[in-house]
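Asker: return a 3D structure for these sequence lines:
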Amino acid sequence: MSLKEVANQLVALCREGKNLEAVETLYSPDVVSVEAAPVPGMEQTMKGIDAVKGKNKWWIDSHEVHGGDVKGPFPHGEDRFAVYFEFDVTPKGTGKRMQMNEVGLYTVKNDKITKEEYFYSMEG
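Answerer: This is a model prediction of the structure:
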């Protein structure tokens, strides 16, 4: 699968809310995930597909998603692409609705995503 195919498939699955399916089908078993800030109860840098699946499951279980948008992909060279995400969510722990804008930078090797890095800001 080419970089473009991996990128387009990730965006399509995320638009459908199938983030866990994207991880299961497009990610390397040794993927590295780096958040802009530590996730409560988790490391800022996580290694391995099971850790990334756990982080995604935490997100799904901990947030009520009211809406959002996925834009891209935006390719960069032969092995990276970025995706822009917008979320309208309420964290279940706080009940405070917020807007979240996030850029995901993905590295692809051997037809699999080997690294994801997130950059974001949140407004209440």
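
Asker: for the residue lying closest to residue 45 once chain neighbours are set aside, the count of nearby residues, please.
Answerer: Of all residues not flanking residue 45 in the chain, residue 34 sits nearest, at 5.0 Å (C-beta to C-beta, 6 or more residues apart in numbering). For the C-beta atoms, the positions are set from N, CA and C on the backbone; glycine is no exception. For residue 34, the count of nearby residues is 15 (other C-beta atoms under 10 Å).

Asker: again with residue 91
Answerer: Using other C-beta under 10 Å as the criterion, the residues surrounding residue 91 number 16.

Asker: quick one: contacts for it?
Answerer: Going by C-beta atoms under 8 Å, 6 or more residues apart in numbering, residue 91 touches 62-63, 98.

Asker: for it, give me the pLDDT.
Answerer: What the model reports for residue 91 is a pLDDT of 92.

Asker: how about the secondary structure of the residue sitting nearest the centre point of the chain?
Answerer: The centre of the chain sits closest to residue 104, judged by C-alpha atoms, centre = their mean, with a distance of 6.1 Å. When classified by DSSP: H, G, I helix; E, B strand; the rest coil, residue 104 comes out as strand.

Asker: fine by me, thanks again.
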